[in-house]
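Peer 1: With the sequence up front, the predicted model follows.
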Amino acid sequence: MAHLVAPSILSADFANIQRDVEMINNSNADWFHVDIMDGVFVPNISFGFPVVKAIAKHAKKPLDVHLMIVNPDQYVQTFKEAGADVLTVHYEACTHLHRSIQNIKNTGMKAGVAINPHTPISVLEDIIAEVDLVCMMSVNPGFGGQKFIENTYHKVGLLKTLIKNKNSKALIEIDGGVDLNNYKKLLQSGADVLVAGNTVFSSSDPSKTISELKTFEFSL
Ligand code: DX5
Ligand code: ZN
């Protein structure tokens, strides 16, 4: 499968959100990555349902919604109604992760689980067969524009092996600090989805940068 690129709306210009959504619509991007932060699970607050609905109204590609919130179960249905296609909850925020994943799938959305940089891959052993996506945090969640954590490459390899061993169809998404210098090595390590906020939106030509992140051919 060709890899996917999901620009992160967190780095968009919120005073020109429709313009930035149209830029992504007209680019080679595959998904919109939408970060929800509650100021409790992470030390930052991003935006809520009115903004997700505004994005969904103009978006012509799937909304990949990453919940960095406590008690995500409470909001699953509302995110579905707001336009989410993929809904990702954090392993560290879910006491009953299996139930949370089933709740998401029961709405018809794809279900993802995100893990923080310090969380080992092994905790996913008994859930990996159930999930559609693993969002591997390559920075500590909460902010855009942070430095990529190098240990991520090693974790991608371990996750790839776990996915194979358990016959899982989960996609591996890398979130945080993805740029034009590290994306190829991430893809070679086994990544399927690249999230990019700062790299896309601080670029002088965001659409071209998206195309660059899409360009990769495996050499054997
Ligand atoms: C971080 C968010 C990321 C963020 C990535 O907590 O989950 O999705 O937007 O931004 P960059 O690509 O700038 O690190
Ligand atoms: Zn994210």
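Peer 2: Arrived safely, thanks for sending. Ligands and ions are numbered 1, 2, ... in the order given.
Peer 1: What ranges does the protein have for its strands?
Peer 2: Ranges of strands in the chain, per DSSP state E, are 4-7, 32-37, 63-68, 86-90, 110-115, 133-137, 171-175, 193-196.
Peer 1: For ligand 2, what's its nearest residue on the chain.
Peer 2: For the chain and ligand 2, the shortest gap (Cβ to the ion) falls at residue 66, measuring 3.7 Å. Bear in mind the C-beta positions are built from the backbone N, C-alpha and C, glycine included.
Peer 1: What parts of this protein come near ligand 1?
Peer 2: Along the chain, the residues adjacent to ligand 1 under the rule Cβ under 6 Å from any ligand atom are 8, 10-11, 33, 35, 66, 139, 141-146, 175-178, 195-199.
Peer 1: on that earlier part again, want to try CSV for the strands of the chain, with mean neighbour count and mean pLDDT as columns?
Peer 2: Putting these into CSV (neighbours: other Cβ atoms under 10 Å; pLDDT from 0 to 100) gives the following:
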stretch, mean neighbour count, mean pLDDT
strand 4-7, 27, 98
strand 32-37, 26, 98
strand 63-68, 27, 99
strand 86-90, 27, 99
strand 110-115, 22, 99
strand 133-137, 26, 98
strand 171-175, 24, 99
strand 193-196, 27, 98
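Peer 1: Now render these as a markdown table, adding distance to residue 217.
Peer 2: Formatted as a markdown table, the strands of the chain follow (distance: least, Cβ to Cβ, whole Å):
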| stretch | distance to residue 217 |
| --- | --- |
| strand 4-7 | 15 |
| strand 32-37 | 24 |
| strand 63-68 | 24 |
| strand 86-90 | 26 |
| strand 110-115 | 27 |
| strand 133-137 | 23 |
| strand 171-175 | 19 |
| strand 193-196 | 15 |
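Peer 1: Show the pLDDT at residue 30.
Peer 2: Reading off the confidence values, residue 30 has pLDDT 98.
Peer 1: Tell me who's in contact with it.
Peer 2: Residues near residue 30 by Cβ atoms under 8 Å, 6 or more residues apart in numbering: 4, 5, 6, 61, 62, 193.
Peer 1: still on that earlier bit, between the strands of the chain, which one is closest to residue 186.
Peer 2: strand 171-175 (5.3 Å; Cβ to Cβ).
Peer 1: That closest one versus strand 110-115: what angle between them?
Peer 2: Computed by axes from the mean of the first three to the mean of the last three Cα atoms, to 10 degrees, the angle separating strand 171-175 from strand 110-115 equals 50 degrees.
Peer 1: wait, does strand 171-175 make contact with ligand 2?
Peer 2: Yes. Strand 171-175 lies within reach of ligand 2 by Cβ under 5 Å from the ion, at residue 175.
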